[in-house]
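Peer 1: Fold the following for me, if possible:
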Amino acid sequence: MRTLASAILGLLAVLLTAAAFCGAWLNTNVVAESGFVALGAPLAEDEAFQRELASSLATEAAASADVPEPLADLVTPVITSAVENVQALPDYPEAWSESLRRSHVLTFSAENGGEPSGNLTLDVAPLVGLVTETVGSELNVDVPAPEQVPVQIGGAGHPDLLRNVERAGEAWPVLALAAAAAAILALLTARRRSTTFALMGLGAALAGSVLWFGAERIPEQVSAQQFSSPVASAFANAFAGQAAASLSAWTVALMLAGAAVFVVGLLLRGLSAARR
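Peer 2: Down below sits the predicted model:
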């Protein structure tokens, strides 16, 4: 009976550890603004995403310029040139980071008494501002930058997914404490604690392996989704690639930690056997 109880508690500890691990990654890299910005920062150099984004920037910049119809033929080439060269501007990386910060606020946080959108929303206003500033300089006129240029990324069902992501991210400390409690109880009820300790380490390493394979499938799962526009699809796919790489790196640490616990457990079992 003690062996069965220890096995059940050990398995529960491993499952709770995996859940806490996923929650900690979500909280650090998605729910937290700094992590979201860091995860999305490399997209400033993603060629496929930037090509799709350029079209959206050109459209929004043209709307901001709001020039009379007779001057449209004169302004359009200037806007096109500004969009094509905006990525090379020194201020572009910071403007992209600011876009990500604003996007995180729109998606997850209430600001100035407002409500989060509940859907993944990309606000590219800082980038459009760079384009309009360049256009205004070229034409020697004042072109106002828009305050907000939201691009909806998510589709049906995504608001529920984002709420679940937030809940999982916020719950990871409780899950980690529950995992620790289950592990301690498993050791206290075990007949051979060193063996139980080793098996829990092995379970954690196996859980890390499963999560690693799951992380590798994230881009594939995202690419199968339907999005509202080409720029939304390009952003989602590029961001999914960054998320998969980050989660994979985290799972390697989990696998190594589990393997270390397994080895320590085997060593303790060997020492225990030698004493008999």
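
Peer 1: Helices along the stretch 51-200 of the chain, start to end?
Peer 2: Along the stretch 51-200 of the chain, counting by DSSP state H, counting those that start in this stretch, helices occupy 72-85, 92-108, 125-139, 158-189, 193-216.

Peer 1: Columns mean pLDDT on top of these, output as JSON lines?
Peer 2: Shown next, in JSON lines, are the helices of the stretch 51-200 of the chain (pLDDT from 0 to 100):
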{"stretch": "helix 72-85", "mean pLDDT": "70"}
{"stretch": "helix 92-108", "mean pLDDT": "90"}
{"stretch": "helix 125-139", "mean pLDDT": "79"}
{"stretch": "helix 158-189", "mean pLDDT": "89"}
{"stretch": "helix 193-216", "mean pLDDT": "93"}
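
Peer 1: could you dump the ones you listed to CSV with mean neighbour count and distance to Phe227?
Peer 2: (Each C-beta comes from the backbone N, C-alpha and C, glycine too.) Shown next, in CSV, are those (neighbours: other C-beta atoms under 10 Å; distance: least, C-beta to C-beta, whole Å):
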stretch, mean neighbour count, distance to Phe227
helix 72-85, 16, 22
helix 92-108, 20, 15
helix 125-139, 21, 19
helix 158-189, 16, 10
helix 193-216, 19, 21
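
Peer 1: would a markdown table of the ones you listed with distance to Ala244 be doable?
Peer 2: Output for those, formatted as a markdown table (distance: least, C-beta to C-beta, whole Å):
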| stretch | distance to Ala244 |
| --- | --- |
| helix 72-85 | 29 |
| helix 92-108 | 18 |
| helix 125-139 | 25 |
| helix 158-189 | 15 |
| helix 193-216 | 5 |
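
Peer 1: between those helices, which gets nearest to Ala20?
Peer 2: helix 158-189 (3.7 Å; C-beta to C-beta).

Peer 1: chain center to the closest one: distance?
Peer 2: A distance of 19 Å separates the C-alpha centroid of helix 158-189 from that of its chain, computed with C-alpha atoms, centre = their mean, to the nearest Å.

Peer 1: before we move on, the earlier item: do you know which of the helices of the stretch 51-200 of the chain lies nearest Val31?
Peer 2: Between Val31 and the helices of the stretch 51-200 of the chain, the shortest gap by C-beta to C-beta is with helix 158-189, which sits at 3.8 Å.
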